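Colleague: Okay, predicted coordinates and the sequence, questions at the end:
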Amino acid sequence: MKAYMQLMSEQKSLDKISAALHINKKTAFDWRHKILRSLKQDEGSPFSGITESDETFFDKSDKGCRHLKRKPRKRGGGTKGKGISNHKATVIVTADRKNDLNMTFWGYGRLTKKEITESLRTPLPQGTVLCSDGHVSYKGYAMDNHIEHVVIRADLGRHVKRGFFHIQHVNSLHNRLKKWLNGTFWGVATKYMQDYLNWFKVKETVLKFCNDQADELLGLSMNHYNVKFATV
């Protein structure tokens, strides 16, 4: 499996992996997703201090589906219309200044307070300062959990408050995530979105600090979660 992990850590396509390892593409796909499902988000993240949270949106994608109920879009093409709709997949990204990170896919359309609560799993502790945009659901979450809430209105040109309160960290993560998904994989099917969020989180918080990314990925998936692979 080290050979597979090496190719995966190099973000090789399924076609290149299947050719290099002499396995069929379906096996390469199944192994990738078995690994990704093992890299679950934390049940309760140790966020503290200044913590940023913001949502981002992706066009709903049925990539790979052979029985579409709509006209297929061209690769890289988006849905028609602007703004939030039920055709937009919602991803919540939360991060503090210590590199703690949580990324969760929570369905479609407008964000709700319930989704923020379920995304964070464990409530943010007392003393945390939550920085977000002006979405009313974040205000409600902060009030329910009795934590300070700083609203950043980038839409009004206000990007930083009091010199250090901002959501630039999570917005940068949004941009890197979208470039990674679209540039490396030409987008992913929405039903697999959480799997790829898990991968991206590991890339950002663990793998980029390792000399041997393949070995670290192997350890995370097999040793920590006891993932097993069928031989071919």
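Modeller: In hand now; what should we look at? These figures come from a predicted structure and were not determined experimentally. Residues are numbered from 1 along each chain as shown.

Colleague: Residue nearest the middle of this structure, spatially speaking?
Modeller: residue 197 (2.8 Å; CA atoms, centre = their mean).

Colleague: Could you double-check that it sits in contact with residue 41?
Modeller: Yes: Residue 197 is within contact range of residue 41, at 7.5 Å (criterion: CB atoms under 8 Å). Heads up, the C-betas are built off the backbone N, CA and C, glycines and all.

Colleague: Please, which helix or strand holds residue 55?
Modeller: strand 50-59 (DSSP states H and E).

Colleague: Dump that strand to CSV, keeping only the CA atoms.
Modeller: Provided in CSV are the C-alpha atoms of strand 50-59 (Å, rounded to 0.1, in the frame of the first residue of the first chain):
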residue,chain,number,x,y,z
ILE,A,50,-9.8,34.0,18.2
THR,A,51,-11.7,31.6,16.0
GLU,A,52,-12.9,32.3,12.5
SER,A,53,-15.9,30.7,10.8
ASP,A,54,-17.4,31.3,7.4
GLU,A,55,-19.3,29.4,4.8
THR,A,56,-18.5,28.9,1.1
PHE,A,57,-20.5,27.4,-1.7
PHE,A,58,-20.0,24.9,-4.5
ASP,A,59,-22.2,24.1,-7.5
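
Colleague: Paired strands for that strand, with orientation please.
Modeller: Listed by DSSP bridges, the sheet partners of strand 50-59 and their directions read strand 88-96 (antiparallel), strand 129-132 (parallel).

Colleague: Flag every buried residue along it.
Modeller: Along strand 50-59, these residues count as buried under the neighbour rule (16 or more other CB atoms under 10 Å): 50-58.

Colleague: Equivalent analysis for stretch 202-211, please.
Modeller: Judged by neighbour count (16+ other CB under 10 Å), stretch 202-211 contains these buried residues: 202-204, 206-207.
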